[in-house]
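Novice: Test case, fold it:
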Amino acid sequence: MINNDDKKKIIDILMSYKILVDRDLLTLINSLTSDELNILEDNILENTIISKDNLINLINDIKKGIFKKIIKPSVQVIDSFDELVTKKRDINDFISHFRERYKQISKILRGREELSDVLSINRIMSKEEDSKVSLIGMVYDKSETKNGNIILDIEDLTGVIRVIITKRNQDLFERAKDIVNDEVIGLIGFYQVTRNGKYKNQVIFGNEIFWPDVPLNKELKKSPDESYAIFLSDIHVGSIDFLPYKFEKFCKWLAGEFDFDTKIDVKKIKYLFLAGDVIEGIGIYPGQDNELTIKDIIGQYDEVARLLKKIPERIKIIICPGNHDATSLAEPQPPLSKDLAGSLYDMKNVYLVSNPALVNIHKSNDFPGFDVLLYHGYSFDNYVANVDSIRTSGGYHRADLLMEFFLKRRHLSPTHGFTPYVADPKKDNLVISKAPDFFVTGHIHYSSVSNYKNITLICGSCWQGKTSFQLKTGHDPEPARVPVVNLQTRKVDLLIFDDIEDDENE
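Specialist: All right, here's what the predicted structure looks like:
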């Protein structure tokens, strides 16, 4: 049975919902246990109770063990880089950085049954007889022979060896075309050693290639309750091309102040992710001053805070930076600065994390929650240009292929020079050590939703119209698209606020 304090609390909540507590209703409440009362309170606070009759029915269902479980919103930051890098990096830091990357990813690869008998390169090269071998190494260089076969120079902590992928194995050859420098792979092949006088020629003819990838048995988690998460990116507040009317309508929809044609229960939306470029920034490109409505960084973040405050405080907002935000461009980018984005830090429902970051949401005593990997996607540009299978299959319109590419390699930008990065000698923070449940990106201003081995892949849209730069380059963004995920079913709806016309009389 519940005590008097518990009873008073539930009665106060019901009174705030203008539900009169009469003798019969009070008797029902007194019959509840503490656990049953918690279930009742959670359901009421979710605004699912609209009348006294519904309340009575719910209490009776709870007593019968028939009820809808509700998980209270929770956010736990698992991995966020917050170190301010002041030390000048030297060559030893870069060497240690790549060694750590090799160790992190080779550990994942060693979990594969096919690579259970891996040999180090120096042990392979000590062999005097031809034999089948397996190894794990980093791609030092990739080139072609005169006949068009692929040559890979593979290195590990003990040495370097040459691997040849021939056109005769067409399937393997096609897969090898997507290999990029500095990624870590597993390989099985035939080791061949020949001698020409005193010279010894050692090479491996590749038969199979293995990427660290995501396990095939990755669980598709589903929440016990009906709750929703929203994923946005690239708001670009401060730009003359920012779409304030559409974004404010979106915020009003979340607050229940704007009727949008959707079956989603807005009261059950509990999380909102912003995957970078929340502001337009200053000095990002030549002549940008002429395309700003707010020419002060703090002012831009203050305006972001003003807009986000229109969203109900019950919704948890998780924000990582992007290349337009006022933080270090080198990845991993630390969270937004308190000095510049203090107005966001003042908001109780806002969590500011690094880029990339791993965040767990919706955890309860009997549900592990969802792991969400956020990465703005600054490295996308180089991989669209340099990976043929992505470039020829849609390029910027195929964020799903880019995200699968990174998950397969368990790294967000494996090739040195494809994105500025912090050469941390202790850890490569762009390694995807843990396969997430959601992988969320932005940057390219095209929305995309797909699934890869039970990981929901979401690339956020943007809230910025076509810029003068995009006009010159033929880039045609798709603004104001809002992916909304039902955490209970993992179904994704794409809401389009771009169709909303400005109302000058409002």
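
Novice: Could you list the low-pLDDT ranges of this structure?
Specialist: 1-4, 6, 17, 45-50, 65-68, 84-86, 197, 502-506 (pLDDT under 70).

Novice: any chance you could map the helices in it?
Specialist: Remark: helices assigned in the chain by DSSP state H are 4-16, 23-30, 34-45, 52-64, 91-109, 121-125, 170-176, 244-254, 297-308, 342-345, 380-386, 388-391, 399-409, 468-473.

Novice: Can you mark which positions in the second one are buried?
Specialist: Spelled out, that is helix 23-30. 25, 28-29 (16 or more other Cβ atoms under 10 Å). All C-beta atoms are positioned from the backbone trio N, CA, C, and that covers glycine.

Novice: got the contact list for Val180?
Specialist: Applying Cβ atoms under 8 Å, 6 or more residues apart in numbering to Val180 gives the contacts 139, 142, 383, 386-387, 414-415.

Novice: now Gln464
Specialist: 234-236, 239, 241-243, 280, 445, 477, 479.

Novice: related to what we said a few turns ago, any chance of JSON lines for the buried residues of helix 23-30, columns distance to Met403?
Specialist: Output for these, formatted as JSON lines (distance: Cβ to Cβ, whole Å):
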{"residue": "Leu25", "distance to Met403": "52"}
{"residue": "Leu28", "distance to Met403": "50"}
{"residue": "Ile29", "distance to Met403": "49"}
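
Novice: Distance check, the spatially closest residue to Gly281 that is not a sequence neighbour against Gln300.
Specialist: What sits nearest to Gly281 in space, not counting adjacent residues and going by Cβ to Cβ, 6 or more residues apart in numbering, is His324, at 4.1 Å. Separation of His324 from Gln300 (Cβ to Cβ, to the nearest Å): 10 Å.

Novice: Leu58 too?
Specialist: Taking Cβ to Cβ, one finds Leu58 at 46 Å from Gln300.

Novice: what does Lys63 give?
Specialist: Distance from Lys63 to Gln300, by Cβ to Cβ: 53 Å.

Novice: still on that earlier bit, got any residues that touch both of His324 and Gln300?
Specialist: In contact with both His324 and Gln300: 279-281, using Cβ under 8 Å, 6+ apart.

Novice: For Glu129, state which of these is nearest.
Specialist: Proximity of the shared contacts of His324 and Gln300 to Glu129 (Cβ to Cβ) peaks at Gly281, which lies at 60.5 Å.

Novice: Burial check on that closest one, number of neighbours?
Specialist: 22 (other Cβ atoms under 10 Å).

Novice: What residues does it make contact with?
Specialist: Per Cβ under 8 Å, 6+ apart, neighbours of Gly281: 238, 288, 297, 300, 324-326.

Novice: So what pairs up with Val350 in the strands?
Specialist: Val350 forms beta bridges with Ile317, as assigned by DSSP bridges.

Novice: I'd say it and Ile317 touch.
Specialist: Yes. At 4.8 Å, Val350 and Ile317 qualify as touching, with contact defined as Cβ atoms under 8 Å.

Novice: So these two - more neighbours on which side?
Specialist: Set side by side, Val350 and Ile317 show more neighbours around Val350, with 24 against 20, by other Cβ under 10 Å.

Novice: Quick check: that one vs Pro420, distance?
Specialist: Val350 sits 26 Å away from Pro420, going by Cβ to Cβ.

Novice: and what of Lys246?
Specialist: Taking Cβ to Cβ, one finds Lys246 at 32 Å from Pro420.

Novice: Check Val387 too.
Specialist: For Val387 relative to Pro420 (Cβ to Cβ), the value is 19 Å.

Novice: So between those two, which is more surrounded?
Specialist: Higher neighbour count among Val387 and Pro420: Val387, with 20 against 14, using other Cβ under 10 Å.

Novice: which ones are touching that one?
Specialist: 178, 180, 405.

Novice: Could you do His324 as well?
Specialist: The neighbourhood of His324, defined by Cβ under 8 Å, 6+ apart, consists of 236, 276-277, 279-281, 284.

Novice: In TSV, list these along with distance to Ile91.
Specialist: TSV is the format used below for the contacts of His324 (distance: Cβ to Cβ, whole Å):
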residue	distance to Ile91
His236	38
Gly276	31
Asp277	33
Ile279	35
Glu280	37
Gly281	32
Ile284	30
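
Novice: before we move on, back to that, tell me the most packed of the contacts of Gln464, by neighbour count.
Specialist: When neighbours are counted by other Cβ under 10 Å, Ile235 leads those with 29 neighbours.

Novice: And the closest residue to that residue other than its chain neighbours, how far from Leu243?
Specialist: Excluding its sequence neighbours, the residue lying closest to Ile235 (Cβ to Cβ, 6+ apart) is Trp463, at 4.6 Å. According to Cβ to Cβ, Trp463 and Leu243 sit 5 Å apart.

Novice: again with Ala357
Specialist: 26 Å.

Novice: follow-up on the earlier one: report the set of residues contacting both of Val350 and Ile317.
Specialist: Leu308.

Novice: that older thread, hmm, which of the contacts of Val180 are the buried ones?
Specialist: 139, 142, 383, 387, 414-415.

Novice: I figured Glu183 was touching Arg409, is that so?
Specialist: Yes. With contact defined as Cβ under 8 Å, Glu183 counts as touching Arg409 (4.9 Å).

Novice: So for these two, which sits in the more crowded spot?
Specialist: When Glu183 and Arg409 are compared for neighbours, Arg409 comes out ahead with 24 against 21, by other Cβ under 10 Å.

Novice: With adjacent residues omitted, what lies nearest to Met403?
Specialist: Leu457 (4.6 Å).

Novice: who does the one you found bridge with?
Specialist: Phe439, Ser450.

Novice: Next, count neighbours for it.
Specialist: Leu457 has 23 nearby residues by other Cβ under 10 Å.

Novice: Can you convert the contacts of Val387 into JSON lines and add a column each for distance to Val75?
Specialist: Output for these, formatted as JSON lines (distance: Cβ to Cβ, whole Å):
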{"residue": "Asp178", "distance to Val75": "35"}
{"residue": "Val180", "distance to Val75": "34"}
{"residue": "Phe405", "distance to Val75": "28"}
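
Novice: closest to Asp225 among those residues?
Specialist: Closest to Asp225, out of all of those and judged by Cβ to Cβ, is Phe405, at 33.9 Å.

Novice: list the contacts for that closest one?
Specialist: Counting by Cβ under 8 Å, 6+ apart, Phe405 has contacts 178, 383, 387, 390.

Novice: Taking these, tell me the two that lie furthest apart.
Specialist: Maximum distance among those (Cβ to Cβ): 9.8 Å, for Asp178 and Tyr383.
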